[in-house]
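Student: using only what follows, build the 3D model:
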Amino acid sequence: MELTVNLGENSYPIYIENGILPHAGEYISKFYQGKKIILISDDNVFPLYGETVLNSLQNYECHTLVLPHGEPTKSFESLPKIYSAMLDAKISRSDLVIALGGGVIGDLAGFAASSFLRGVKLVQIPTSLLAQVDSSVGGKVAVDLPQGKNLVGAFFHPKMVLIDPDVLNTLPTRYINDGMGEVIKYGCIKDATLFNTLKNHISFEDLKPELASIIARCVDIKRIVVEHDQFDTGERMLLNFGHTLAHTIEQYYHYERESHGEAVAIGMYQISKIAEEKGLTKDGCSDEIKQLLQTYGLPFSCNLPIEDLTGAIKLDKKNLNNHLNVVLLHTIGDSYVYPTDVTFFDNAGIM
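Tutor: Numbering: from 1, shown residues only. Predicted coordinates for the structure are as follows:
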């Protein structure tokens, strides 16, 4: 399947197909006639898929950089290593960066590509479910600061996204569940039919035969939203459902306890529960979300008092001049941006 993100001169194709990874070079050659490529990956992904991708790129001069896996890698401390590797490889603005990995590598390599020589061409090859359905599409790249997640970043669109659902077969169960947090998000904010499809299965294994089409549906929702709001000033904010709490939970535990998808799961349920109590979301939505989270092995609580999280919420990117845009649901499949401030979370109790 091929989708196109239509953004004028920043437009790019997204290819979604089982078994596409060994043919990466064929797809890259459709738009890239240069000679040099640097492939950036991590020490979990590269041993599994690095050679497969490199074997498809034999017509190019290829360089590699393998970084430690995990969220702590997505920091400023990693950038000098990447820039040094790019300098050693003599990467120029006419060359290409490939990000092969999950959301951390996609964001980090993407930010390095956006800033090195003021911009080097980028291809995203996401290897986690979360990256395939969400972070590889839309052109957001970033690194974390100690004070919060993704606080330094850029909008930098790839030239292509290549998605092979087969690579998910090697993912540990926890990281499949992690990606399902973002899949459920798309059903919540934009597609009640997708939400109900997920409800009609009893586990990820039961869902697998439909996985490629579900990934494609999530990507298509994001494509449409990004086309309408490239720079995250309007409708694109809806993609942050659950994230205001999620980022603070991740930060509170120094990115060492809840994964991103797990934190998003908690955020979606807890914020919907608060909104129901305020009459801002239809009664019963939070229970529906909770049941679906349990089906796919995701948490709905982090057992922290809200007071432990509000300090980080004040630093969230969506908190501007003490005005906080919180994404809520009218009902499943129908979301909206609710302007408020951090008092929205007053008396919320234990998250």
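Student: show me the strands in the stretch 151-300 of the chain, by range?
Tutor: Secondary structure of the stretch 151-300 of the chain (DSSP state E, counting those that start in this stretch): strands located at 160-163.
Student: please enumerate the helices of it.
Tutor: Using DSSP state H, counting those that start in this stretch, the helices of the stretch 151-300 of the chain run over residues 173-190, 192-199, 204-207, 211-228, 243-252, 260-277, 285-295.
Student: pipe those into a markdown table and attach mean pLDDT per row.
Tutor: As requested, these are exported to a markdown table (pLDDT from 0 to 100):
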| stretch | mean pLDDT |
| --- | --- |
| helix 173-190 | 95 |
| helix 192-199 | 97 |
| helix 204-207 | 92 |
| helix 211-228 | 94 |
| helix 243-252 | 88 |
| helix 260-277 | 95 |
| helix 285-295 | 97 |
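Student: among the ones you listed, which is nearest Phe345?
Tutor: For the helices of the stretch 151-300 of the chain, the distance to Phe345 is smallest for helix 260-277, at 7.0 Å, taking Cβ to Cβ. C-beta here means a position set from N, CA and C on the backbone, and glycine is covered the same way.
Student: pull the closest one out as CSV, backbone CA atoms only.
Tutor: Below are the C-alpha coordinates for helix 260-277, written out as CSV (Å, rounded to 0.1, in the frame of the first residue of the first chain):
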residue,chain,number,x,y,z
HIS,A,260,5.7,6.0,26.0
GLY,A,261,2.7,3.9,24.9
GLU,A,262,2.0,2.7,28.5
ALA,A,263,2.1,6.3,29.7
VAL,A,264,-0.2,7.4,26.9
ALA,A,265,-2.6,4.7,27.9
ILE,A,266,-2.7,6.0,31.5
GLY,A,267,-3.1,9.5,30.3
MET,A,268,-6.0,8.7,28.0
TYR,A,269,-7.9,6.9,30.7
GLN,A,270,-7.2,9.4,33.6
ILE,A,271,-7.9,12.5,31.6
SER,A,272,-11.1,11.1,30.3
LYS,A,273,-12.2,10.2,33.8
ILE,A,274,-11.5,13.8,35.0
ALA,A,275,-13.4,15.1,31.9
GLU,A,276,-16.4,12.9,32.7
GLU,A,277,-16.5,14.2,36.2
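Student: which other helices and strands does that helix contact?
Tutor: Using 3 or more Cβ pairs under 8 Å, 6 or more residues apart in numbering; DSSP states H and E, the elements in contact with helix 260-277 are helix 173-190, helix 243-252, helix 285-295, strand 323-331.
Student: what are the buried residues along that helix?
Tutor: Judged by neighbour count (16 or more other Cβ atoms under 10 Å), helix 260-277 contains these buried residues: 260-276.
Student: name the helix or strand for the residue lying closest to Gly106 once chain neighbours are set aside, please.
Tutor: Closest residue to Gly106 apart from its sequence neighbours, by Cβ to Cβ, 6 or more residues apart in numbering: Ala99 at 4.8 Å. Assigned by DSSP states H and E, Ala99 belongs to strand 96-101.
Student: tally of neighbours for Leu171?
Tutor: If you count neighbours by other Cβ atoms under 10 Å, Leu171 ends up with 19.
Student: and if you look at Asn10?
Tutor: Neighbour count for Asn10, taken as other Cβ under 10 Å: 14.
Student: now it: how far from Gly119?
Tutor: 11 Å (Cβ to Cβ, to the nearest Å).
Student: equivalent analysis for Tyr296, please.
Tutor: Going from Tyr296 to Gly119 by Cβ to Cβ gives 38 Å.
Student: between these two, which has more neighbouring residues?
Tutor: Shown here are Tyr296 and Gly119; by other Cβ under 10 Å, Tyr296 has more neighbours (22 against 12).
Student: for Gly333, see how far away the more buried one is.
Tutor: Per Cβ to Cβ, Tyr296 is found 18 Å from Gly333.
Student: repeat for Pro80
Tutor: Using Cβ to Cβ, Pro80 is found at 45 Å from Gly333.
Student: neighbour count: the two, which is higher?
Tutor: Of the pair Pro80 and Gly333, Gly333 is the one with more neighbours under other Cβ under 10 Å, namely 17 against 10.
Student: that one contacts Asp191, doesn't it?
Tutor: Yes - assessed by Cβ atoms under 8 Å, Gly333 is found in contact with Asp191 at 5.7 Å.
Student: can you give me the buried ones in stretch 243-254?
Tutor: Buried residues in stretch 243-254 (16+ other Cβ under 10 Å): His243, Thr244, Leu245, Ala246, His247, Thr248, Ile249, Glu250, Gln251, Tyr252.
Student: repeat that for stretch 284-297.
Tutor: For stretch 284-297, a neighbour-count test (16+ other Cβ under 10 Å) marks Cys285, Ser286, Glu288, Ile289, Lys290, Leu292, Leu293, Thr295, Tyr296, Gly297 as buried.
Student: pLDDT weak spots in the chain?
Tutor: 311-312, 314-322 (pLDDT under 70).
Student: tell me how many other residues crowd Arg206.
Tutor: Small correction: residue 206 is Asp, not Arg. Asp206 has 11 nearby residues by other Cβ under 10 Å.
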